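Chemist: Kindly return the folded structure for what I paste below:
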Amino acid sequence: MHVIVGEDEFLVSAAAKKAVGDGVGLEVVDSANSANAEQQLADIRAADDSVSTPPFLEPRKTTWWRNVHFLPGGRVAEEVKVALERFAARIAAAPPPENQCLVISGPRLLKTSLFAKTLAPVAEFVVFAAEKPWEAARSAVVRAIDFAADAGFKFAPGAAERFVATVGPDTRSIASEISKLRDYLGDGCDVARAADVDAVASPGAGVEPEVWSVTDAIGRRDLSAALDALSKFDSDGGFAVFVSGVVEKFFRQLIDISAGRTDGMNPYALKKNQGFLRNWSVNELRAARYRFMTLREQAVSGSASVDALVATTLVRTLRRPGR
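Modeler: The predicted structure follows:
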């Protein structure tokens, strides 16, 4: 028996398919669209019936109960929670025989729940832990590089980071966009550059733009990339307040780093921001922070046309001295 959980559906599905094997005698119970307690209880019964029924014509049988988003750890109705615990108790008391396999996969499961504790002695657990944003971004870059290598090409310096900033950290989206990039490059090219990424890559379904794509471009003093990253954000609903606050904080952090005030900073973000300091003098950082503090005050006070001032302020801030 296998219990596989994680927010990254691609990784969970890949691990589950490995556990399922060649698919001989496979029965699937899919709970992706089970939105209420009645449907969820019906899925529990279907999974129970499948496990309780031995293989008929095939030498073995596998039950894959997938997309179980109502395992303990999320919002679960009390009757569903009780039914899950009863199902787990029955499985633990009489595990599937050697010619049967049960695979349960879903986005989350509370390890201290009675359901998990009951299955622990008889099941193999695979948990893809949630990552902090900077960890997810770093892991996504590694996966993008690995997928590119499998597809027969590599990224030019900085292109993998640009790819992930566009596509997002979702593994399925990364795999899909790598395939598109491979087709775009063609057989005669084995290096993907930033321009290729910009020409082909698009955000995965439901992927929101990451604010660090704006601040990273600002840190590099890359006006074109900063404006492009900024354009991906919705200009309604406090756009200017949000962006000006984020950018002001970014410049404040760079000033602190330049002065050696780094206590409590995330090591990954600290190392990255230290690299940005070569592009800025201390006076430029102070002037930039002042500009965005002023912009935020204007945004909070509701000044007219303040959204347009965001791009203008970026241009003034990122242009090199003497230009």
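Chemist: same for the helix or strand containing Ala299, what does it pack against?
Modeler: Element membership of Ala299 [criterion: DSSP states H and E] is helix 282-300. Packed against helix 282-300 by the contact rule (3 or more C-beta pairs under 8 Å, 6 or more residues apart in numbering; DSSP states H and E) you find helix 239-258, helix 306-318. Quick note: C-beta positions are derived from backbone N, CA and C, even for glycine.
Chemist: which ones are touching the closest residue to Leu26 other than its chain neighbours?
Modeler: Of all residues not flanking Leu26 in the chain, Thr62 sits nearest, at 4.9 Å (C-beta to C-beta, 6 or more residues apart in numbering). The contact partners of Thr62, by C-beta atoms under 8 Å, 6 or more residues apart in numbering, come to 20-21, 23-27, 100-103.
Chemist: So Thr62 belongs to a helix, correct?
Modeler: No - counting by DSSP: H, G, I helix; E, B strand; the rest coil, Thr62 is located in no helix; its state is strand.
Chemist: From Glu98, how far off is it?
Modeler: 12 Å (C-beta to C-beta, to the nearest Å).
Chemist: ok, now Phe155?
Modeler: Plainly put, Phe155 is 46 Å away from Glu98 if you go by C-beta to C-beta.
Chemist: circling back to that earlier point, which one (most neighbours) among the contacts of Thr62?
Modeler: Val103 (24 neighbours; other C-beta atoms under 10 Å).
Chemist: Show me what that one is bridged to.
Modeler: For Val103, the beta-bridge partners are His2, Trp64 (DSSP bridges).
Chemist: My read is that it contacts Lys18, right?
Modeler: No - with contact defined as C-beta atoms under 8 Å, Val103 does not count as touching Lys18 (9.7 Å).
Chemist: can you give me the strands for the protein?
Modeler: Using DSSP state E, the strands of the chain run over 2-6, 26-30, 61-66, 100-106, 124-128, 154-155, 191-192.
Chemist: got a markdown table for these, with distance to Phe147 and mean pLDDT too?
Modeler: Output for the strands of the chain, formatted as a markdown table (distance: least, C-beta to C-beta, whole Å; pLDDT from 0 to 100):
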| stretch | distance to Phe147 | mean pLDDT |
| --- | --- | --- |
| strand 2-6 | 18 | 94 |
| strand 26-30 | 26 | 93 |
| strand 61-66 | 23 | 94 |
| strand 100-106 | 21 | 94 |
| strand 124-128 | 17 | 93 |
| strand 154-155 | 10 | 94 |
| strand 191-192 | 11 | 94 |
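Chemist: one step back: give me the more crowded residue out of Phe155 and Glu98.
Modeler: Taking neighbours as other C-beta under 10 Å, Phe155 and Glu98 compare with Phe155 leading, 22 against 7.
Chemist: Which strand residues bridge that one?
Modeler: For Phe155, the beta-bridge partners are Ala192 (DSSP bridges).
Chemist: Fine by me, thanks again.
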